[in-house]
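Student: Sharing a model that was predicted from the sequence below.
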Amino acid sequence: MYPNFYYIFQDWFGLEIDGLKLINSFGFFVAMSFILANYIMTKELKRKFNDGVLGKKQFITILKGKAFSVSDYVTAAITGFIIGFKFLPVLIDFSVVNNDPQSYILSTKGDFIYGLLVMLAFLGFNYWQDKRQRLPEIVKEQKQIDPSYHMGAITMAAFIGGIFGAKLFHILENMSQFYANPMDSIMSFSGLTYYGGLIVGAASVLFVAHKRGIPVLHMLDVGGPAMMLAYGTGRIGCHVSGDGDWGIVNELPKPKWMNLLPDWMWAYNYPNNVNKVCNPFTETDPRYLENINCDFNVTPYLIANVFPTPLYEAIACALLFFILWMLRKRLKYAGVLFGIYLILNGLERFLIEKIRVNTIMDTFNMTQAEIISFSLMFLGVLLILFSLNKKISVKGNDNVA
């Protein structure tokens, strides 16, 4: 498949552009998932605000003509230095990454002179903008906003909380790897657990939303469809890059009902996968030890086909998103939609775990995802019962809580 955009352009257009190796395909789809989630949540916040369920009008004070702050200049300096130090040398000579862009980005390698020059350029441009927008007297203006104004802070909270939670849960699930090499486990681009990102990211979003006066149950309903769509989009990145989230070895014959579909939708060997894995067998399979020393440079693909589970999840989540999207205006009370999301999300992941490679937790003889997905379904039922009892209407003039 395509671990980065270099392989996409090489396969589709016959172009070999080394600089495209810096654009990781998984990272691209993760970014797209945040963009789509931001769009959906902004749209829903505006709708709920117009329906009168998100409180009174809010106003912010805008200061026109005020001088840039010290933090503005510090931010410009840091941004310019990082771009010059880390990325400008790559544009000039791609060989500096030594065919391992991820390791280069996380290393201390770079060019100090380029960093300094670009930093000075950023500071100069910032200073020019600052002088241009200043006024003899600062003008104060009141601007009306709706809750979607806070989506920048909400999205940032989701990103930071999501990455932290995804990495934390992966470490907890693979403590032996962490003990063997702590810094590699923490700093590596690989090793992100979805449910860790979901739990910590959602908690971060609710905290920020609450601080900005957005009711929790309404915020949950806003996030449900968006999170389902974002997860499905992220799974496309998993499939395209071949990040290891594939299924177990699939030696079953292709079902007749799939005859019109390409073979790789039933069983796939993930060529050029980003993890550079060629042994697809689990450790409980005798064939695992037989092929443990397979060389990815010789066989740059899985030596046995597996279920393309990321693709299945992407399709399932797209369908579940449309179900949630159609239900969002038909339900009577706030919180019910998110309860349904939890049930559907948990059920989808619980089922896919049956054919997916994952780490078994010895204490429960289940995967971490199976335990959490079952818990989410249970919490979804509790949330629906709570919401029906609380009776917070999704119509602005019908709140009876």
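Tutor: Perfect, thanks for sending it.

Student: Contacts only, for N250.
Tutor: 266-267, 305-307, 355 (CB atoms under 8 Å, 6 or more residues apart in numbering). Any C-beta I mention is one placed from the backbone N, CA and C, and that applies to glycine too.

Student: That should have said Y231, apologies.
Tutor: 33, 194, 198, 313, 317, 345 are the contacts of Y231 under CB under 8 Å, 6+ apart.

Student: per-residue confidence at it?
Tutor: In this prediction, Y231 carries a pLDDT score of 91.

Student: so where's the stretch 51-200 of the chain uncertain?
Tutor: For the stretch 51-200 of the chain, residues meeting the criterion pLDDT under 70 lie at 98-103, 106, 173, 176, 178, 183-195.

Student: so can I have JSON lines of the contacts of N250 showing secondary structure, neighbour count and pLDDT?
Tutor: Below are the contacts of N250 laid out as JSON lines (DSSP: H, G, I helix; E, B strand; the rest coil; neighbours: other CB atoms under 10 Å; pLDDT from 0 to 100):
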{"residue": "W266", "secondary structure": "coil", "neighbour count": "16", "pLDDT": "97"}
{"residue": "A267", "secondary structure": "coil", "neighbour count": "19", "pLDDT": "97"}
{"residue": "N305", "secondary structure": "coil", "neighbour count": "21", "pLDDT": "96"}
{"residue": "V306", "secondary structure": "strand", "neighbour count": "21", "pLDDT": "97"}
{"residue": "F307", "secondary structure": "coil", "neighbour count": "22", "pLDDT": "97"}
{"residue": "I355", "secondary structure": "helix", "neighbour count": "15", "pLDDT": "92"}
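
Student: ok, which pair from those residues is furthest apart?
Tutor: N305 and I355 (12.5 Å; CB to CB).

Student: Just the CA atoms of stretch 133-151, as CSV, please.
Tutor: Extracted in CSV, the C-alpha atoms of stretch 133-151 (Å, rounded to 0.1, in the frame of the first residue of the first chain):
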residue,chain,number,x,y,z
GLN,A,133,-2.3,47.0,12.2
ARG,A,134,-1.6,49.4,15.2
LEU,A,135,-3.8,52.4,15.7
PRO,A,136,-3.1,55.7,17.7
GLU,A,137,-5.9,54.6,20.1
ILE,A,138,-7.1,51.1,20.8
VAL,A,139,-10.7,50.5,19.7
LYS,A,140,-12.9,48.2,21.7
GLU,A,141,-15.7,46.3,19.8
GLN,A,142,-18.3,43.9,21.1
LYS,A,143,-18.8,40.8,18.8
GLN,A,144,-21.6,38.3,19.2
ILE,A,145,-20.6,34.7,19.0
ASP,A,146,-22.3,31.3,19.2
PRO,A,147,-20.8,28.2,20.9
SER,A,148,-19.1,27.1,17.6
TYR,A,149,-16.7,29.9,18.2
HIS,A,150,-15.0,27.7,20.8
MET,A,151,-14.4,24.8,18.3
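
Student: ok, residues contacting that stretch?
Tutor: Residues external to stretch 133-151 that are found in contact with it (CB under 8 Å, 6+ apart): 38, 41-42, 45-46, 48-49, 54-55, 57-67, 208-209, 212-214.

Student: again, but for stretch 110-129
Tutor: Defining contact as CB under 8 Å, 6+ apart, one finds that stretch 110-129 is touched by 68, 72-73, 76-77, 79-86, 88-89.

Student: Name the residues of that stretch that are buried.
Tutor: The neighbour-count check on stretch 110-129 (16 or more other CB atoms under 10 Å) flags 110-111, 114-115, 117-119, 122-123, 126 as buried.

Student: Likewise for stretch 160-169?
Tutor: With burial defined by 16+ other CB under 10 Å, the residues of stretch 160-169 counted as buried are 161-163, 165-169.

Student: and those as TSV, adding secondary structure?
Tutor: Converted to TSV, these look like this (DSSP: H, G, I helix; E, B strand; the rest coil):
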residue	secondary structure
G161	helix
G162	helix
I163	helix
G165	helix
A166	helix
K167	helix
L168	helix
F169	helix
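
Student: can you tell me how far the residue of the chain positioned farthest from its centre sits from W128?
Tutor: Here the chain reaches farthest from its C-alpha mean at P136, the gap being 45.0 Å by CA atoms, centre = their mean. Distance, P136 to W128, using CB to CB, to the nearest Å: 19 Å.

Student: just P280 next, same as before
Tutor: The gap separating P280 from W128 is 56 Å, by CB to CB.

Student: Distance of the nearest residue to M1 once chain neighbours are set aside relative to N174?
Tutor: In this structure, M1 finds its nearest non-sequential neighbour in G242, 4.9 Å apart by CB to CB, 6 or more residues apart in numbering. Applying CB to CB, the value for G242 to N174 is 19 Å.

Student: So the two - more neighbours on which side?
Tutor: More crowded of G242 and N174, by other CB atoms under 10 Å: G242, with 27 against 16.

Student: Run through the residues that contact the residue nearest to M1.
Tutor: With contacts defined as CB under 8 Å, 6+ apart, the neighbours of G242 are 1, 3, 270-275.

Student: Give me the ChimeraX select line for the residues you listed, limited to the buried ones.
Tutor: Buried residues within the contacts of G242, by 16+ other CB under 10 Å, are selected in ChimeraX with:
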select :1,3,270,272,273,274
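
Student: export the contacts of G242 to a markdown table and tack on distance to L324 and secondary structure?
Tutor: Shown next, in a markdown table, are the contacts of G242 (distance: CB to CB, whole Å; DSSP: H, G, I helix; E, B strand; the rest coil):
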| residue | distance to L324 | secondary structure |
| --- | --- | --- |
| M1 | 29 | coil |
| P3 | 32 | coil |
| Y270 | 30 | coil |
| P271 | 35 | coil |
| N272 | 35 | coil |
| N273 | 31 | coil |
| V274 | 30 | coil |
| N275 | 32 | coil |
